[in-house]
Each structure stands twice: as C-alpha cells, then as structure tokens.
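Visitor: Sharing a model prediction with you, sequence too.
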Amino acid sequence: MDINRLMNFPMRRLSEGEKKWLKAKMKDDCPEVADTAREIYNVCFPHAERNAMKKQLVINTLSFEVHTEVYDGYGDMELADRRFTIDWKSRVLTMTDFHTGGVEQSVTLEGGQIAKLLRYIVHTLEIFMWEQDYSLRPDEGDYDPLFDGEEDFFMEDLEDRLEIQLPKESEGNPSWRVRVEYTNHTEQDICSYEDYMPDRPEELYLSLLKYFEPEEEEF
C-alpha cells in the first residue's frame with residue numbers, strides 16, 4: 001500500500017501532512033519503501049540536499065591554487081599562477097604570486113568580512129558540490145546523495161563522504177586545486193587537470209583577487 005501511494009504521489013506543492021508522511025516513510029523499516037520515499041522526496045525538493053548541507057558546513061581553512069588561463073572582470077584573458085589561503089581563526093587571507101617568484105601578500109579581514117566571505121563560498125558558490133557538479137570525483141558512478149532528511153540530517157553521512165578523496169592522477173600539474181577543512185573536521189581535496197576554469201572556481205578566484213587589487217582613486 002505504501003509503495004502504491006508513493007508511486008502515485010502528487011507532483012505539486014505538498015501539504016504539511018503529505019510532507020510529514022513522506023519524511024516518515026524515508027525511515028520506514030522496509031528498505032524498498034524507504035528508498036522509494038527518498039527518491040520521491042528528492043524529486044519534490046530537488047535542492048533539499050544542498051540546503052541541508054549549507055546549514056552544517058563552516059570553513060575552517062581553505063587553500064586554492066590556480067595555474068591556468070582565466071577571464072578577468074572585463075572579459076580579458078590572463079594567465080593565473082597564484083595560491084590563496086584563508087584561515088578562519090586568524091582572519092588572514094594570503095595570496096602567493098608565483099609570477100613574481102612566490103611573493104606573498106596578506107590582509108587581515110574584520111570578523112564580519114571573513115564570515116561573509118566564507119558563507120559566500122559555501123552558500124553561493126557551493127564549493128562542497130564541485131566534485132559532483134564538475135565530475136571531478138574518481139568514484140562518480142558510486143555517488144550517493146548526502147541528504148537523508150531535511151531537519152534530520154546526519155553528520156556521520158556527511159563525514160563519510162567528505163573525507164579526503166584524491167582525484168585520479170594525471171600527467172603534469174593540476175590547472176586548479178582547492179583544499180578545504182571544515183570546522184567539523186571533514187576535508188575536501190578537489191583537483192582538476194582541464195585547461196579551462198569552470199564558472200564557480202573562476203568566480204572564487206576573481207573574488208579573492210579583489211582583496212589585493214589597489215583601490216581606485218576618488219575623483
């Protein structure tokens with residue numbers, strides 16, 4: 001009976017009663033019912049998985065290296081060869097420019113600035129999903145959704161899937177690489193050998209670079 005109801009579940013805005021029943025069936029003792037309910041829930045709420053993760057993830061440290069061509073804010077192409085690091089506790093953002101022999105520049109952000117920047121990286125750029133979005137996971141075919149309920153999100157599921165997973169080795173150096181450690185001690189090591197920068201990694205690069213650009217003179 002449960003399977004029949006799930007297979008005929010309305011694809012519209014659900015009432016609170018329907019949503020409550022569907023979420024309860026996601027924990028049903030029958031695996032077939034629970035799996036079907038989870039699939040239906042993901043169809044009805046396609047962004048639930050990501051939204052649940054955003055509430056749990058806070059970046060502790062981040063290292064972002066770029067060694068490829070990027071487009072600046074004016075649409076011009078430049079060859080980037082830089083590394084950015086962010087430390088939440090010290091509020092320090094550092095840029096290492098390998099074009100100038102590894103010269104480092106650092107800025108210390110205010111508490112509100114660093115919090116806003118880290119939220120932007122997680123909530124807007126969704127860095128935790130780059131492996132899946134850009135097919136960078138070595139075990140992409142074995143990917144299972146991290147989400148197992150909207151409010152009842154289990155951190156152990158997240159920790160199991162955000163452990164360091166090194167990409168398959170390719171010849172030469174990566175075009176870009178980002179390493180993230182979250183406050184819950186889970187880590188990501190995302191690496192790409194493609195010649196181009198996807199939109200969100202490029203957006204992160206341009207956003208961090210702005211902190212080191214000279215301010216325009218006021219006329």
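Guide: That came through fine. Numbers count the residues shown, from 1 in each chain.

Visitor: Regarding this protein, what is its longest helix?
Guide: helix 31-44 (DSSP state H).

Visitor: Return the list of helices and strands in contact with that helix.
Guide: Where contact means 3 or more CB pairs under 8 Å, 6 or more residues apart in numbering; DSSP states H and E, helix 31-44 is packed against helix 2-7, helix 16-25, helix 48-56. To be clear about C-beta, it is placed using only N, CA and C from the backbone, and glycine gets the same treatment.

Visitor: For residue 68, find the nearest of those helices.
Guide: helix 48-56 (26.7 Å; CB to CB).

Visitor: and the next element down the chain from the closest one?
Guide: Proceeding C-terminally, helix 48-56 gives way to strand 59-66 as the next helix or strand, assigned by DSSP states H and E.

Visitor: Tell me the helices and strands packed up against that next one.
Guide: Secondary elements touching strand 59-66 (3+ CB pairs under 8 Å, 6+ apart): strand 82-87, strand 176-182, helix 199-209.

Visitor: ok, it: who's next to it in the sheet?
Guide: strand 82-87 (antiparallel), strand 176-182 (antiparallel) (DSSP bridges).

Visitor: related to what we said a few turns ago, single out the most deeply packed of the helices and strands packed on helix 31-44.
Guide: helix 48-56 (a mean of 16; mean count of other CB atoms under 10 Å).

Visitor: Now do that helix: which elements does it pack against?
Guide: In terms of contacts (3+ CB pairs under 8 Å, 6+ apart), helix 48-56 is packed against helix 31-44, helix 155-161.

Visitor: tell me, which of those helices is the model least confident about?
Guide: Of all the helices and strands packed on helix 48-56, the minimum mean pLDDT falls on helix 155-161 (a mean of 52).

Visitor: The nearest residue to residue 61 once chain neighbours are set aside bridge partners, please.
Guide: Closest residue to residue 61 apart from its sequence neighbours, by CB to CB, 6 or more residues apart in numbering: residue 181 at 4.7 Å. Counting by DSSP bridges, residue 181 forms beta bridges with residue 61, residue 187.

Visitor: Residue 181 and residue 58 touch, don't they?
Guide: No. The criterion here is CB atoms under 8 Å, and residue 181 misses it with residue 58 at 10.4 Å.

Visitor: Those two: who's more crowded?
Guide: residue 181 (19 against 14; other CB atoms under 10 Å).

Visitor: ok, the more buried one - contacts?
Guide: 59, 60, 61, 62, 187 (CB atoms under 8 Å, 6 or more residues apart in numbering).

Visitor: Top of the residues you listed by number of neighbours, please.
Guide: Neighbour counts for the contacts of residue 181 peak at residue 62, which has 23 neighbours (criterion: other CB under 10 Å).
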